[in-house]
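*Asks:* All I have is the shape, not the residue letters:
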């Protein structure tokens, strides 16, 4: 083992906005003080029970376009949920955009910065 995962970092145009969006989806605490990094307009975090997400400002951010390989998603988050319909309503209310709800057990959304993520029925 080389190290321990500290956090998963997503590029975006507005770090605190995206941190607040994922807080509405996953719970947790936005911008909890942490000795590993500072917090400012360029960097925001979300500490959940299972992971820390980091959000870093990119001045000329270009959102992925799922499923267009010319602007790939690079990675995405799967969020386990009990009820896809209830979860869909909540993420849309929080600012997500529906990309694909044609599958029986998972639906694809984009966060406010355009990153695809899936709601997956547990």
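*Replies:* Now that the structure is in, tell me what you want to look at. Quick caveat: nothing in here was measured; it's all calculated off a predicted structure. Numbering: from 1, shown residues only.
*Asks:* Spit out the contact partners of the residue nearest to the spatial centre of the chain.
*Replies:* The residue lying closest to the centre of the chain (Cα atoms, centre = their mean) is residue 22, at 5.4 Å. Taking Cβ atoms under 8 Å, 6 or more residues apart in numbering, we find residue 22 in contact with 28, 46, 53, 111. Any C-beta I mention is one placed from the backbone N, CA and C, and that applies to glycine too.
*Asks:* quick one, phi/psi of it?
*Replies:* phi -70, psi -30 (degrees, to the nearest 10).
*Asks:* give me phi/psi at the closest residue to residue 96 other than its chain neighbours?
*Replies:* Among residues not flanking residue 96 along the chain, residue 109 sits closest, at 4.3 Å (Cβ to Cβ, 6 or more residues apart in numbering). The phi and psi values for residue 109, taken as degrees, to the nearest 10, are phi -130, psi 170.
*Asks:* was I right about residue 109 contacting residue 98?
*Replies:* Yes: judged on Cβ atoms under 8 Å, residue 109 makes contact with residue 98 at a distance of 5.7 Å.
*Asks:* in this protein, which spans are strands?
*Replies:* 8-12, 29-30, 43-47, 52-57, 77-81, 97-100, 106-110, 116-121 (DSSP state E).
*Asks:* is it possible to export those to CSV including distance to residue 18?
*Replies:* Listed next are these as CSV, based on distance: least, Cβ to Cβ, whole Å:
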stretch, distance to residue 18
strand 8-12, 5
strand 29-30, 10
strand 43-47, 7
strand 52-57, 5
strand 77-81, 12
strand 97-100, 13
strand 106-110, 11
strand 116-121, 11
